[in-house]
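>>> generate coordinates for the sequence data below:
(one chain, ligands or ions: 1)
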Amino acid sequence: MSISNNHPAKAKEFVANDERMHWHDKALWFVREKRDRASKSIPEWEQLRNFADQIKTHTMANLDKYLLEFEKNANEKGITVHWAKDAQEHNEIVHKILSKNNVKKVVKSKSMLTEECHLNPFLENKGIEVIDTDLGERIVQLRNEPPSHIVLPAIHLKKSDVSDTFHEHLGTKKGNDDPTYLTRAARASLREDFLTADAGLTGVNFAIAQTGGVVVCTNEGNADMGASVPKLHIACMGIEKIIPRLEDLGVFTRLLARSATGQPITSYTSHFHGPIEGGEMHIVIVDNKRTPFLQSDSYKKALNCIRCGACMNTCPIYRRSGGHSYDYVIPGPIGSTLGTFRDPKKHKTLSFACTLCGSCSNVCPAKIDLDSQLYTHRQDLREQNIIDTKKKLSMQMAVWLMSKPTLFNFVGKVARKIVPLLPKSLIYNKFNTWGKQRDLPEMPKKSFKDLYKEGLKDV
Ligand code: SF4
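Numbers count the residues shown, from 1 in each chain. A predicted model of the protein is given here:
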């Protein structure tokens, strides 16, 4: 039986450090503003979003055809394609390839799929060393933490935290938190790893059915090093990474970096179309509970995600509660909908970590209806009777009251008079969790209904 995660409790831990919470909020808002400037610099931005939506929706409707086309073309280029139905099978396939090649050390670039499959602990248990080579990922790996963001894995950490971590693991000078110094130390250590690794493992941003090749976008060039120095390259991808044609790629690369970090393009957009000379290339295509999304009218668009992270950067809840509070491999709005669909009991609090402001859907380059999905999840949870009892009772009371207009008007009238006279302790106490971080607004003199009627008279 799965144990439920508890977003409000984890968020409470995060906001306990007020300074960090505000700093985290500002750091992500800064990225969101960069995204705004980058998107506004392209007049055809909305047209690109429409294309992305159409290409992805078409691809998902014809996924079987494109996956098989991809496999055929990849095989022709000397790439071995493997199919994994779930995380366990994925990990076993990767392990089998590594053991066959007598691999003792792997350098891995950022891949949320391998996080989802818990590949690192699986391989480490089998005696294979895995080094995450994306700087942010390496920092969280050294700290034994999961990433807190899909593009900025260590965004929850300050440079002083990184300095302490590097001092402990890489022997940097204690207290030196100069970012250039720290980055150079990480680079020197990673160089050594690249040169001594027996295999490189990468994620996949886009897999092109027409060519049978994969595209990996990074800002640090670490995927390129990992896929070029060792002779063995394994690329792991979910079934949803397929795009039909090479000419579709431009739509996504133009959207991806601008949405993610506000850059016109990622520093390295590398195409891998076969093994390096004398080497081997494998692609592992994983389902792991993706297919059920295709059968769901409400949630299938969640598979259109290109993992840019923009919905996280803009989300007022994510910015103020941190990625770890979601307790799911992908945090923020997209993680909340993916997680709740996959395991509603375990992730029953996630769809409520949302103000329904709709900002996530507005910035999403693939035009995923994130806020609608989260709203629909709440109704599904209620129907499946896995909603919190307190929440259920308060909603039932609200429904009861709102269905009795005379009583509702009366209660409103009384509340407007009484609430301002009540002592604070009666309003803000342990039973009022809503009031923990919020103040009630001043009670209005008139109800909305009264004001509306007066307005009508004026008209
Ligand atoms: S849901 Fe949209 S905004 Fe969020 S990560 Fe995916 S593509 Fe980006």
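>>> may I have the beta-bridge partners of the residue nearest to T114 when sequence neighbours are not counted?
Residue nearest to T114 in three dimensions, not counting chain neighbours: C236, with 5.7 Å by Cβ to Cβ, 6 or more residues apart in numbering. In this view, the C-beta of every residue, glycine as well, is placed from N, C-alpha and C. When assigned by DSSP bridges, C236 has beta-bridge partners V284.
>>> looking at the protein, which helix is longest?
The single longest helix within the chain, with elements called by DSSP state H, is helix 18-40.
>>> and the chain, which residues reach the ligand?
For the chain, the contact set with the ligand under Cβ under 6 Å from any ligand atom comprises 259, 305-311, 334, 363-366, 368, 370.
>>> closest to L246 among the residues you listed?
Among the residues of the chain next to the ligand, I306 lies closest to L246 (Cβ to Cβ), at 16.5 Å.
>>> can you classify that closest one by secondary structure?
Using DSSP: H, G, I helix; E, B strand; the rest coil, the secondary structure recorded for I306 is coil.
>>> quick check: phi and psi at it.
Dihedral pair for I306: phi -110, psi 10, per degrees, to the nearest 10.
>>> does it touch C364 like I think?
No - if you go by Cβ atoms under 8 Å, I306 and C364 don't touch, sitting 9.1 Å apart.
>>> between those two, tell me which one has more neighbours.
C364 (27 against 24; other Cβ atoms under 10 Å).
>>> okay, stretch 343-353 in CSV with CA atoms only?
Extracted in CSV, the C-alpha atoms of stretch 343-353 (Å, rounded to 0.1, in the frame of the first residue of the first chain):
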residue,chain,number,x,y,z
ASP,A,343,-1.3,7.3,-7.9
PRO,A,344,-4.3,9.4,-6.6
LYS,A,345,-4.1,7.9,-3.1
LYS,A,346,-0.5,8.7,-2.6
HIS,A,347,-0.6,12.2,-4.1
LYS,A,348,-4.1,13.2,-3.0
THR,A,349,-2.8,16.6,-1.6
LEU,A,350,-1.0,17.7,-4.8
SER,A,351,-4.0,19.0,-6.8
PHE,A,352,-4.8,21.3,-3.8
ALA,A,353,-1.4,22.8,-4.0
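>>> next, A366: secondary structure please.
coil.
>>> excluding chain neighbours, what is closest to it?
Nearest residue to A366, sequence neighbours excluded (Cβ to Cβ, 6+ apart): N304, at 4.3 Å.
>>> which residues touch the spatially most central residue of the chain?
Nearest to the mean C-alpha position of the chain, by Cα atoms, centre = their mean, lies I330 at 3.7 Å. I330 makes contact with 112, 116, 150, 307, 338-339, according to Cβ atoms under 8 Å, 6 or more residues apart in numbering.
>>> now the strands for this structure?
79-84, 105-108, 129-132, 199-202, 206-208, 213-218, 232-238, 242-243, 268-272, 280-286 (DSSP state E).
>>> the ones you listed into a markdown table, with extra columns for mean pLDDT?
Compiled in a markdown table, those are given as follows (pLDDT from 0 to 100):
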| stretch | mean pLDDT |
| --- | --- |
| strand 79-84 | 98 |
| strand 105-108 | 98 |
| strand 129-132 | 98 |
| strand 199-202 | 98 |
| strand 206-208 | 98 |
| strand 213-218 | 97 |
| strand 232-238 | 98 |
| strand 242-243 | 98 |
| strand 268-272 | 96 |
| strand 280-286 | 98 |
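>>> Serialize those to TSV and add fields for mean neighbour count and distance to R143.
What follows is the strands of the chain, written out as TSV (neighbours: other Cβ atoms under 10 Å; distance: least, Cβ to Cβ, whole Å):
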stretch	mean neighbour count	distance to R143
strand 79-84	19	29
strand 105-108	24	17
strand 129-132	21	11
strand 199-202	29	21
strand 206-208	25	30
strand 213-218	24	21
strand 232-238	25	23
strand 242-243	24	34
strand 268-272	17	26
strand 280-286	23	27
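>>> and these: which comes nearest S321?
Short answer: strand 129-132, nearest of the strands of the chain by Cβ to Cβ, at 24.5 Å.
>>> touching both of I306 and C364, which residues are there?
Residues within reach of I306 and of C364 at once, by Cβ under 8 Å, 6+ apart, are S259.
>>> helices of the stretch 101-250 of the chain, residue ranges please.
Ranges of helices in the stretch 101-250 of the chain, per DSSP state H, counting those that start in this stretch, are 112-116, 119-125, 135-142, 159-170, 179-196, 222-228, 246-261.
>>> just the ones you listed: most buried one?
helix 222-228 (a mean of 23; mean count of other Cβ atoms under 10 Å).
>>> and the residue of the stretch 101-250 of the chain found nearest the ligand, how far is that from R258?
The stretch 101-250 of the chain approaches the ligand most closely through I150 (6.6 Å), counting by Cβ to the nearest ligand atom. The spacing between I150 and R258, counted by Cβ to Cβ, to the nearest Å, is 16 Å.
>>> next: K158.
Note on K158: its distance to R258, by Cβ to Cβ, is 27 Å.
>>> what's the answer for R382, then?
Distance, R382 to R258, using Cβ to Cβ: 38 Å.
>>> what of E13?
Distance from E13 to R258, by Cβ to Cβ: 33 Å.
>>> same deal with V31?
According to Cβ to Cβ, V31 stands 11 Å off from R258.
>>> what does L407 give?
From L407 over to R258 the distance is 52 Å, taken as Cβ to Cβ.
>>> residues in contact with the residue of the stretch 101-250 of the chain closest to the ligand?
I150 neighbours (Cβ under 8 Å, 6+ apart): 112, 307, 309, 312, 330-331.
>>> so, low pLDDT: which residues of this structure?
Applying pLDDT under 70 to the chain picks out residues 1-2, 458-459.
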